[in-house]
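Asker: give the three-dimensional model of this entry:
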Amino acid sequence: MAGRICLLKSVFTAIPLFYLSIFKAPAAVCNNIRSIQRKFLWEWGRQNKSISWVSWDNVCKPLQEGGLGVKEIRSFNSALLAKWKWRLMNGEGGKWKEVIVSKYGIASGSSQVRLKHQSWWWRDLAKVCGDGNEDEWFQKACQWKVGNGITVRLWEDVWLQTTSLKKLYPRLYSVSCDKGKTVGEVERWGEDRWRWGLNWRRERFE
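Answerer: Numbering: from 1, shown residues only. Next comes the predicted model:
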């Protein structure tokens, strides 16, 4: 049993690692991989069908929670895809990052490009990270430090309070001409203080 657990962690999970880190695996593929893992753990070397003595959810729990530490394929796939967004947001360089930033126009991992002009890979990445949904778990898990403001989006990112300005002031966001712009693009230093250069589609009421 201990040997099969080691093989599950080091071999079975490593074989599809490259594909899981690039593509969002369909549910049927994840279920098939999960079935192969389960059969190998409980039925390897046996002629007859064996009983699964422990649920697979418990098998995939961390060792600290009483599980065996086997990675759950769907969650593992989502984590690997979300890592691309994290690499877009940090200071890492590379030609792949230059291509994505040049196409979508923003380095924080999201964009204002229309859905029909987005690649399938970009759509899957946004879906996995919860972009556009109420939870937006990836954005909530990140803590922004403004610094020079060239990577933090003014309206969409959480940098001032515990939620984005887009959600705090939806009516202002609806008439803003600065959607998708960073903090550094709409502010400047002058006369010993910061001045905001916000643009609006129409005049605002008092």
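
Asker: can you pull out the helices in this protein?
Answerer: 2-7, 17-20, 27-43, 56-59, 73-89, 95-104, 120-128, 137-141, 165-168, 170-174, 183-186 (DSSP state H).

Asker: got any ranges where the protein has weak pLDDT?
Answerer: Low-confidence segments of the chain (pLDDT under 70): 45-48, 91, 105-115, 132, 134-135, 190, 206.

Asker: tell me the domain ranges of the protein?
Answerer: 2-71, 78-135, 143-206 (automatic domain parsing).

Asker: including mean neighbour count, could these go into a markdown table?
Answerer: Bear in mind the C-beta positions are built from the backbone N, C-alpha and C, glycine included. Listed next are the domains of the chain as a markdown table, based on neighbours: other C-beta atoms under 10 Å:
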| stretch | mean neighbour count |
| --- | --- |
| domain 2-71 | 13 |
| domain 78-135 | 15 |
| domain 143-206 | 13 |
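
Asker: re the thing from before, next, format the helices of the chain as JSON lines and append distance to residue 193.
Answerer: Shown next, in JSON lines, are the helices of the chain (distance: least, C-beta to C-beta, whole Å):
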{"stretch": "helix 2-7", "distance to residue 193": "61"}
{"stretch": "helix 17-20", "distance to residue 193": "50"}
{"stretch": "helix 27-43", "distance to residue 193": "54"}
{"stretch": "helix 56-59", "distance to residue 193": "55"}
{"stretch": "helix 73-89", "distance to residue 193": "29"}
{"stretch": "helix 95-104", "distance to residue 193": "31"}
{"stretch": "helix 120-128", "distance to residue 193": "37"}
{"stretch": "helix 137-141", "distance to residue 193": "29"}
{"stretch": "helix 165-168", "distance to residue 193": "20"}
{"stretch": "helix 170-174", "distance to residue 193": "22"}
{"stretch": "helix 183-186", "distance to residue 193": "15"}
